[in-house]
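**Q** my questions concern the predicted model and sequence given below.
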Amino acid sequence: MAFVHLECGRNQLQRQHHVMHSTAMPTNIVGPRVPINEGFPGLKKIYANPDIFVIENFLDDSYCQDLIDKASEKKLVRSPVAYAGWTEDFKDLVELSSKGPIAWIALLSSWFQVKNSGGGQVDLVVHALQNYAVVFVVTTILIGGFTYSRAEGLKALRTSTSTTLDDMTNPSSGAREFVRQASKLFHSNEDFDTSIVSEAALFEAPTVIRYEPDQILAPHYDANRSAETEDANRGGQTLATLLVYLNDVERGGLTRFGKLSSSAAIGDVDRDRITSADEDKLIIQPKRGDALLFFPADRNGQFDPRTEHEGMPAIDEKWIARIWKHQRRVPAPFGLSEASLSDLG
Ligand SMILES: O=C(O)CCC(=O)C(=O)O
Ligand SMILES: [Fe+2]
């Protein structure tokens, strides 16, 4: 099952919304996004730099309903949230212990011990090593406790339930159609038939998410800022997010981009669907069958902080299906198995 990385402060929820880390890297220049098929039917650009698209009537009603039905049959579970800062925390610990306060505390305290007891140089080394070990263990426990509580806190930021669908055998299945359409959308050349499988190999299996009243997905990024290790078995960075709204949602459940202004929105999409009377933020009103496409990182995997987004609190029930496109093959279980890929052709 796919995770959402969340970053807090530095970042909020996920690598599946990753947690912002204290040692944030400087924001580098974000390059061009991955190419898409610009002639895809219904594709409308609603925001430029960062590019965001709505694709009207991306999936027919029957496919939307099938995605909801299949997900319900499979049973949805609390949506996962991954804390993506472990590698950074570990690096901090190594740094602290090699040149930071741990070594100094150990050395100073052993010097006092030896001075008071009148020991020699050998005693000093022995005490220093003993103290180093004690301070190291205590610091590890403290850092471990801190990151654990941070990861636990993140769980409260995603309260929806979800499941993944990877059975591509039935041609009338919504999951299969979603993957096929997504492959066509991301395929920018002519020879589509030869590459449907190679495109889909870069996808995480479709995830269906259900929000019941009051459930939310707090502001997050779908890409990682710096957690390469956590992404290693998921095909690397998330380069594109494709969401399909599976039902009409009249009240609540908007998708909101908190760093983008609705007054900068472009294109001929119904303004009421992408602007809010309450604030100047880009928001998208869910509409059955319509898709939303954006790019959490550039084509080289550079994290794009402008794409922070959230699922606002649901009032009416809301269902979405999501595909994340990565840099490389996403192996099962996150991605589609070889058998599912060959069923797509
Ligand atoms: O529910 C939404 O509108 C946003 C969902 C989302 O951001 C995600 O699943 O990563
Ligand atoms: Fe997201």
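**A** In hand now; what should we look at? Ligands and ions are numbered 1, 2, ... in the order given.
**Q** so where do the strands sit in this protein?
**A** Using DSSP state E, the strands assigned to the chain run over residues 5-6, 13-14, 43-47, 52-55, 77-78, 161-164, 207-211, 217-220, 238-245, 255-257, 282-284, 291-294, 309-311, 318-326.
**Q** lowest-confidence stretch among these?
**A** The weakest mean pLDDT among these belongs to strand 13-14, with a mean of 45.
**Q** right, and T169 touches L341 too?
**A** No. Distance between T169 and L341: 11.9 Å, which falls outside the contact criterion (Cβ atoms under 8 Å). For the C-beta atoms, the positions are set from N, CA and C on the backbone; glycine is no exception.
**Q** which of those two has more residues huddled nearby?
**A** Between T169 and L341, counting by other Cβ atoms under 10 Å, L341 is the more crowded of the two (21 against 10).
**Q** show me what contacts that one?
**A** M168, V197, A200, A201 (Cβ atoms under 8 Å, 6 or more residues apart in numbering).
**Q** identify the bridge partners of the residue in the stretch 201-345 of the chain that ligand 1 sits nearest to.
**A** Scanning the stretch 201-345 of the chain for proximity to ligand 1 using Cβ to the nearest ligand atom identifies G311 as nearest, at 2.8 Å. The residues listed as beta-bridge partners of G311 by DSSP bridges are L217, T255.
**Q** now do the contacts for it.
**A** G311 neighbours (Cβ under 8 Å, 6+ apart): S160, Y211, I216, L217, G253, L254, T255, K318, I320.
**Q** neighbours of the fourth one, how many?
**A** What that stands for is L217. Residues lying near L217 (other Cβ under 10 Å) number 28.
**Q** have a look at the chain and report the helix or strand with the lowest mean pLDDT.
**A** Within the chain, judged by mean pLDDT, DSSP states H and E, the helix or strand with the poorest mean is strand 13-14; its value is a mean of 45.
**Q** tell me if the longest helix seen in the chain is near ligand 1.
**A** In the chain, with assignment by DSSP state H, the single longest helix is helix 121-155. No. Residues of helix 121-155 contacting ligand 1 under Cβ under 6 Å from any ligand atom: none, with a closest distance of 13.5 Å.
**Q** state the mean pLDDT of that helix.
**A** Over the span of helix 121-155, the pLDDT mean works out to 76.
**Q** now do that helix: which elements does it pack against?
**A** Taking 3 or more Cβ pairs under 8 Å, 6 or more residues apart in numbering; DSSP states H and E as the contact definition, the neighbouring helices and strands of helix 121-155 are helix 86-98, helix 101-117.
**Q** where among the ones you listed is average confidence lowest?
**A** Here the lowest mean pLDDT among the helices and strands packed on helix 121-155 goes to helix 86-98, at a mean of 64.
**Q** give the contact list for T161.
**A** Taking Cβ under 8 Å, 6+ apart as the criterion, T161 is in contact with L76, V77, R78, S79, I209, R210, E212.
**Q** measure it to L254 for me?
**A** To L254, T161 is 19 Å away according to Cβ to Cβ, to the nearest Å.
**Q** do G236 as well
**A** As defined by Cβ to Cβ, G236 lies at a distance of 30 Å from L254.
**Q** same check on F334?
**A** In terms of Cβ to Cβ, F334 sits 28 Å off from L254.
**Q** before we move on, what about D280?
**A** Where L254 is concerned, D280 sits at a distance of 14 Å (Cβ to Cβ).
**Q** these two: who's more crowded?
**A** Neighbour comparison, D280 and L254: the larger count goes to L254, with 21 against 11 (by other Cβ under 10 Å).
**Q** confirm for me that that one is in contact with Q285.
**A** Yes. L254 is in contact with Q285 according to Cβ under 8 Å; the separation is 6.0 Å.
**Q** tell me how far S109 lies from ligand 1.
**A** Between S109 and ligand 1 the distance is 48 Å, computed by Cβ to the nearest ligand atom, to the nearest Å.
**Q** where's that residue relative to L239, distance?
**A** Following Cβ to Cβ, the distance that separates S109 from L239 is 50 Å.
**Q** of these two, who's got more company?
**A** For S109 and L239, the more surrounded residue by other Cβ under 10 Å is L239, and the numbers stand at 24 against 17.
**Q** the more buried one contacts I323, correct?
**A** No. Contact status for L239 versus I323: not in contact, 11.5 Å apart, counting by Cβ under 8 Å.
**Q** returning to that earlier point: out of the contacts of G311, which are close to ligand 1?
**A** Checked against ligand 1 using Cβ under 6 Å from any ligand atom, these give the following subset in range: L217, T255, I320.
**Q** out of these, who's nearest V179?
**A** I320 (15.4 Å; Cβ to Cβ).
**Q** surely that closest one touches I209?
**A** Yes. With contact defined as Cβ under 8 Å, I320 and I209 form a contacting pair (5.1 Å).
**Q** what's the neighbour count on the closest residue to W111 other than its chain neighbours?
**A** Ranked by Cβ to Cβ, 6 or more residues apart in numbering and with sequence neighbours excluded, the top spatial neighbour of W111 is L124, at 6.7 Å. For L124, the count of nearby residues is 16 (other Cβ under 10 Å).
**Q** equivalent analysis for N300, please.
**A** For N300, the neighbour count with other Cβ under 10 Å is 12.
**Q** with Q302 instead?
**A** Going by other Cβ under 10 Å, the residues that sit close to Q302 add up to 15.
**Q** what do you get for K115?
**A** 10.
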